[in-house]
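Asks: My questions concern the predicted model and sequence given below.
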Amino acid sequence: MDSTSKRRLKNIVGGSAGNLVEWFDWYVYSAFALYFAQAFFPKADSTAQLLQTSVLFWAGFMVRPLGAWAMGIYADRKGRKAGLTLSVTLMCVGSLMIAAAPTYAQVGLLSPAILLFARLVQGISLGGEYGSSATYLSEIADRERRGFWSSFQYVTIIGGQLTALLLLVVLQMTLGEQAMDDWGWRVGFGLGAVLAVVAFQLRRRLDETLSFENARAKADRVKSTATNLFRDHPREAFLVIALTAGGTAAFYAYTIYLQKFLANTSGFDKATASQIMTVALFVMLIIQPFAGRLSDRIGRRPMMILFGVGATLFTYPIFVALESVKSVGAAFALCMATLIIVTGYTSINAIIKAELFPAHIRALGVALPFAIANAIFGGSAESVALYLKGIGHERWFYLYISGLAAVSLIAYVRMRETKTTSLIEED
């Protein structure tokens, strides 16, 4: 391996490690919600408590467009490296606040208010993180393997979720249910804050991308603003929203919500549900680079179409089967089927978005339309599912996810092949 390749690999590893920490901090909330829901909200049945925590989870998504707008512009003007270090700093603050937050029994309504504020801070952080990270990994990679290297965006997203679940499983086994309910859930948030400090140090040592350096050198470059994005690149911006809608809804339904579905609908205990999803997510993590590499060979568009068809046709029957499943093996196989389907989206959606925009506005172009779609369709998925379950129409949620996938499938069929029309000029 020559010195250039070694340097590229070092930057990809460093950027990916920081991204994993960011998403670990974000997903600790959903992984540990089964335990801390009762600490922040008045006593109620488990579905009501989970709905309340999921609404705050959604609130974090609602401010992600704000973070994507502000920090996307920052990354386009000051550099991808600067955007990455700022985002991880904000995530650290949010995690530390939740780790130290008082319970409802101690301070009343101030408790969920602190939780809400912390999630808003984390939402702003993550809104900027996605654009900066996706852009950085796409620009730092070589042309022939951009699909492969950019797939590590979701390797680390899933890795963050998986690490959060692994920590949960370990704590469940060592502390027990009572300790987890009382204080054990705080461990995840405290560890997240510490890891964010480590990620900050890693990101300070990254190289800036050649794409950004070349764009900054152009005296006549157009400024990165939301107005310029939707005025100069409206087709690409709305394409990102369209292709993200079904993908992000399916991703959160198949990953975040499935853990609670297994415990709240299928009837598995909390520990078993967490273990099933931990193993399934580990397998999903492993197959991401293979799917990304496949897109380097056959193109991005066929992969997205495969996801769209699979999610449209199979979401409903898989969830119906999971309602009454009793075997751990059968539950794992059904969960794994959903994760294989959504891999067609997760493995390459970052590179598709980056390839659509020129360098001077790329971080914002990747981040803002994606954050808008996530706020509407991704962050709301769990709340929609729990609400429909609460009113006795749980299966409507399965149809909802299938419908969103069908809408995005139309965009996948009509989009151009970004592998051959990429606007990332540097190799």
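Replies: The structure has been received and is ready for your questions.
Asks: Counting neighbours, show which residues of the lengthiest helix in the chain come out buried.
Replies: Here the longest helix in the chain is taken by residue count, with DSSP state H as the criterion, and it is helix 3-40. When burial is assessed from 16 or more other CB atoms under 10 Å, helix 3-40 yields the following buried residues: 8, 11-12, 14-40. Glycine gets a C-beta too; all of them are placed from N, C-alpha and C.
Asks: pLDDT (mean, whole number) over it?
Replies: Throughout helix 3-40, pLDDT has a mean value of 82.
Asks: Number the residues from 13 up from this point.
Replies: Taking 13 as the first residue, the last one we looked at is helix 15-52.
Asks: got a list of contacts for the next helix or strand after it?
Replies: The element immediately downstream of helix 15-52 (helix or strand, assigned by DSSP states H and E) is helix 58-74. Applying CB atoms under 8 Å, 6 or more residues apart in numbering, the set of residues contacting helix 58-74 from outside is 38, 41-42, 45-46, 48-50, 52-53, 56, 124, 127-128, 131-132, 134-135, 138, 272, 276, 386-387, 390-392, 394-395, 398-399, 401-402.
Asks: and what of stretch 305-320?
Replies: Residues external to stretch 305-320 that are found in contact with it (CB under 8 Å, 6+ apart): 156-160, 163, 255, 258-259, 262, 303, 353-357, 359-361, 363-364, 367, 417-418, 420-421, 424-425, 427-432.
Asks: can you give me the mean pLDDT across that stretch?
Replies: In this model, stretch 305-320 has a mean pLDDT of 96.
Asks: gap between the two ends of that stretch?
Replies: Across its full length, stretch 305-320 reaches 19 Å end to end, with CA to CA, to the nearest Å as the criterion.
Asks: in that stretch, what counts as buried?
Replies: Using 16+ other CB under 10 Å as the burial criterion, the residues of stretch 305-320 that qualify are Leu306, Ser307, Asp308, Gly311, Arg312, Arg313, Met315, Met316, Ile317, Leu318, Phe319, Gly320.
Asks: Switch those over to a markdown table; also include distance to Ile169.
Replies: Conversion of the buried residues of stretch 305-320 to a markdown table gives the following (distance: CB to CB, whole Å):
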| residue | distance to Ile169 |
| --- | --- |
| Leu306 | 19 |
| Ser307 | 17 |
| Asp308 | 20 |
| Gly311 | 23 |
| Arg312 | 18 |
| Arg313 | 22 |
| Met315 | 17 |
| Met316 | 17 |
| Ile317 | 22 |
| Leu318 | 20 |
| Phe319 | 16 |
| Gly320 | 20 |
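Asks: Which of these sits closest to Met296?
Replies: Of all these, the one with the least separation from Met296 (CB to CB) is Phe319, at 13.0 Å.
Asks: how close does the closest one get to Tyr357?
Replies: Here the distance between Phe319 and Tyr357 works out to 4 Å (CB to CB, to the nearest Å).
Asks: shared neighbours, these two?
Replies: Each of Gly259, Ala262 lies in contact with both Phe319 and Tyr357 under the rule CB under 8 Å, 6+ apart.
Asks: on that earlier part again, against which helices or strands is the longest helix of the chain packed?
Replies: Applying 3 or more CB pairs under 8 Å, 6 or more residues apart in numbering; DSSP states H and E, we find helix 15-52 packed against helix 58-74, helix 92-112, helix 116-119, helix 122-152, helix 164-187, helix 198-216, helix 270-273.
Asks: Measure how it sits relative to helix 92-112, angle-wise.
Replies: 30 degrees (axes from the mean of the first three to the mean of the last three CA atoms, to 10 degrees).
Asks: In contact with Leu218, which residues?
Replies: If you count contacts by CB under 8 Å, 6+ apart, Leu218 has them with Asn23, Gly26, Gly27, Lys93, Leu96, Tyr148.
Asks: meant to ask about Gly27
Replies: Contact analysis of Gly27 by CB under 8 Å, 6+ apart lists Leu96, Ser145, Tyr148, Leu149, Ile152, Arg215, Leu218.
Asks: so where's the chain shaky on pLDDT?
Replies: Counting by pLDDT under 70, the low-confidence segments of the chain come to 13-15, 54-62, 231-233, 439.
Asks: what helix or strand is Ser286 on?
Replies: helix 282-310.
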